[in-house]
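*Asks:* sequence and predicted model, in that order:
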Amino acid sequence: MLHLKVEGITCGGCASSIKKALAAVASGSNVAVDIEGGEVKVEGQADRAKVVAAIEGAGFDVVGDAA
């Protein structure tokens, strides 16, 4: 499981953008976006580098692992 701290998540639209971006690289994984906490969880077999690239490609900043 990946649990990432992401800056720039402010609304449901942001969450949808992240989920859409991750659909291609985390196919079959469960993706959860915590708007208030600024966190993204990806449960399943997903490559970290591809997940980070997809989130950043959608316009958000991955700042590290969430606690």
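*Replies:* Great, that's in hand. In this text, all values refer to a predicted model and were calculated from it rather than measured experimentally.

*Asks:* use CA for all of it now, contacts and neighbours both
*Replies:* Fine.

*Asks:* kindly list the longest helix within this protein.
*Replies:* In the chain, ranked by residue count with DSSP state H as the criterion, the top helix is helix 12-23.

*Asks:* and the next helix or strand after that helix, what's buried?
*Replies:* Taking DSSP states H and E as the definition, the helix or strand that follows helix 12-23 towards the C-terminus is strand 30-34. By neighbour count with 16 or more other C-alpha atoms under 10 Å, strand 30-34 contains the buried residues 30-31, 33-34.

*Asks:* got these as CSV, with pLDDT and distance to Ile9 columns?
*Replies:* Putting the buried residues of strand 30-34 into CSV (pLDDT from 0 to 100; distance: C-alpha to C-alpha, whole Å) gives the following:
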residue, pLDDT, distance to Ile9
Asn30, 95, 18
Val31, 96, 14
Val33, 98, 9
Asp34, 98, 8
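
*Asks:* helix, strand or coil: sort out Val6 for me.
*Replies:* Three-state assignment for Val6 (DSSP: H, G, I helix; E, B strand; the rest coil): strand.

*Asks:* renumber starting at 11 from here on
*Replies:* OK, 11 is where the count begins now, so the last one is Val16.

*Asks:* make TSV out of the buried residues of strand 40-44 and add distance to Gly67.
*Replies:* Below are the buried residues of strand 40-44 laid out as TSV (distance: C-alpha to C-alpha, whole Å):
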residue	distance to Gly67
Asn40	20
Val41	17
Val43	16
Asp44	19
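
*Asks:* looking at these, which is nearest Glu66?
*Replies:* For Glu66, the closest of the buried residues of strand 40-44 turns out to be Val43, at 14.4 Å, with distances computed as C-alpha to C-alpha.
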